[in-house]
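Student: just to be clear, the model below is a prediction. Sequence and coordinates:
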Amino acid sequence: MNANDYAEQVVRKFMEDITDHVFLSIQYDESLMREYMTRVNENSLQIINQAIGKKVKEMFDLENIDVCSNPRSFLIKDYTRHRK
């Protein structure tokens with residue numbers, strides 16, 4: 001495998017789990033987490049999480065693959081995996 005093939009493999013894997021990465025970013029960023037909790041309290045967990053998931057798909061123009069029921073982020077129970 002050459003460097004370009006390896007780089008593509010890494011980025012594709014990241015994109016598959018990008019929603020989990022986004023929620024991990026929220027989880028580990030104090031200001032994002034504070035704002036997330038405010039939004040959840042004003043709306044609901046389901047509404048906020050779905051809005052974030054849809055925005056990830058929309059902004060990166062991704063296609064759904066399947067659902068992962070084992071996220072690393074504790075903010076979500078599952079998430080849709082994607083591909084370009």
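Tutor: Sure thing, it's come through. Numbering: from 1, shown residues only.

Student: what average pLDDT does stretch 48-56 get?
Tutor: Mean pLDDT, computed over stretch 48-56, is 98.

Student: that stretch: how far from the chain's middle?
Tutor: 8 Å (C-alpha atoms, centre = their mean, to the nearest Å).

Student: touching it from outside, list them.
Tutor: 18-19, 22-23, 26, 36, 39-40, 62, 75-76, 79-80, 82 (C-beta atoms under 8 Å, 6 or more residues apart in numbering). The C-beta positions use only the backbone N, C-alpha and C, and glycine is treated the same way.

Student: list the buried residues for the top helix by length along the chain?
Tutor: If you go by DSSP state H, the chain has its longest helix at helix 45-60. Residues Ile48, Asn49, Ile52, Gly53, Val56 are the ones in helix 45-60 that count as buried (16 or more other C-beta atoms under 10 Å).

Student: how about stretch 74-84?
Tutor: Neighbour-count burial for stretch 74-84 [16+ other C-beta under 10 Å]: Leu75, Ile76, Tyr79, Thr80, Arg81, His82.

Student: assign the fourth one to helix, strand or coil.
Tutor: Right, Thr80. What DSSP: H, G, I helix; E, B strand; the rest coil gives for Thr80 is strand.

Student: which strand residues bridge the closest residue to it other than its chain neighbours?
Tutor: By the measure of C-beta to C-beta, 6 or more residues apart in numbering, the closest residue to Thr80 outside its immediate chain neighbours is Asn64, 5.2 Å from it. Counting by DSSP bridges, Asn64 is bridged to His82.
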